[in-house]
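Student: with the sequence up front, the predicted model follows.
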Amino acid sequence: MSLTEYDEKRYNRQMIMPGFGYEGQQKLKNSTVFVAGAGGLGSPVAIYLAVAGIGRIILADMDVVDPSNLNRQILHWDENIGQKKVESGGSKLRKINPEIRISAIDVRIDEDNVYELTKDADIIIDAMDNYPVRFLLNRAALSHRIPFIHASVWGLGGQLMTIIPGKTPCLACLIHETPPKEVFPVLGATPGVIGTLQVTEAIKLLTGIGTPVTNRILIYDGENMAFDTFKVNRKKDCPVCRDLL
């Protein structure tokens, strides 16, 4: 689809960036991004994908809004307590940008549906809070040969890594076992920081500008306001991605 006059006005400030232009915005308009989770990370991810003009956002979650979510899950308000997160989030995203398509799916992501849910996506964004589903998303991205943008948060810190199937380490190369399940602390601003970085990575990949966080992991330390990156090597014996070329 071509850009409309409205699009050119709405997205002008990003279209005038060097290397972005009309072509970059058109790529965003014709893209589909799958966002797994409508919570702490999923909220800023979905919001900033929407305002950037991503043509279709698929938002998947199976939870309902709880008062304990409200310190960080900015898609949801007091009036939404007890409502499905995809309903709460989907309705707001449609108001934030009525020109894009929002597919809000009330579903628990599992091994039986993850490939079907993600088959139309150009990118998968990990906005989950548990590793079993993250590992499933990693496998789906590898199967579809589409980028997977992993992130997680804890307290005042977080991490981010972009995975390109067959070219970079996958999530299983980095994390070999499922960490113990926990109710973890999180400052509300932390997923805001990491979620917007995920969107930045997605837009870079879709438009071809900049250098993504590949073959390395970015660590955010909010307590000391520091960012570091560490090299991550692809494991030759990784049971998940070793056969990908």
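Tutor: Thanks, I have the structure now. Numbering: from 1, shown residues only.
Student: how much space separates Glu99 from Arg242?
Tutor: From Glu99 over to Arg242 the distance is 43 Å, taken as CB to CB, to the nearest Å. For every residue, glycine as well, the C-beta is placed using N, CA and C.
Student: and what of Leu70?
Tutor: Leu70 sits 43 Å away from Arg242, taking CB to CB as the criterion.
Student: center of this structure - which residue?
Tutor: Centre of the chain computed as the mean C-alpha position; nearest residue by CA atoms, centre = their mean is Ile125, 2.7 Å away.
Student: give me the element that one is part of.
Tutor: In this assignment (DSSP states H and E), Ile125 forms part of strand 123-126.
Student: quick check: mean pLDDT of that strand?
Tutor: Strand 123-126 shows a mean pLDDT of 98.
Student: what's the next secondary structure element after that strand?
Tutor: Criterion used, DSSP H and E; the element after strand 123-126 is helix 131-144.
Student: helices and strands around that next one, which ones?
Tutor: helix 114-118, strand 123-126, strand 148-154, helix 171-174 (3 or more CB pairs under 8 Å, 6 or more residues apart in numbering; DSSP states H and E).
Student: just give me how far the second one sits from the chain centre.
Tutor: Averaging C-alpha positions (CA atoms, centre = their mean, to the nearest Å) puts strand 123-126 4 Å from its chain's average.
Student: same question, the first one
Tutor: In terms of CA atoms, centre = their mean, the centre of helix 114-118 is found 15 Å from the chain centre.
Student: go through it and flag the buried ones.
Tutor: Neighbour counts over helix 114-118 (16 or more other CB atoms under 10 Å) mark Val114, Leu117, Thr118 as buried.
Student: which SS state does the residue nearest to Ala226 when sequence neighbours are not counted fall under?
Tutor: Here the nearest residue to Ala226 in space, its sequence neighbours aside, is Tyr220; by CB to CB, 6 or more residues apart in numbering that works out to 7.8 Å. Reducing the assignment at Tyr220 to three states with DSSP: H, G, I helix; E, B strand; the rest coil gives strand.
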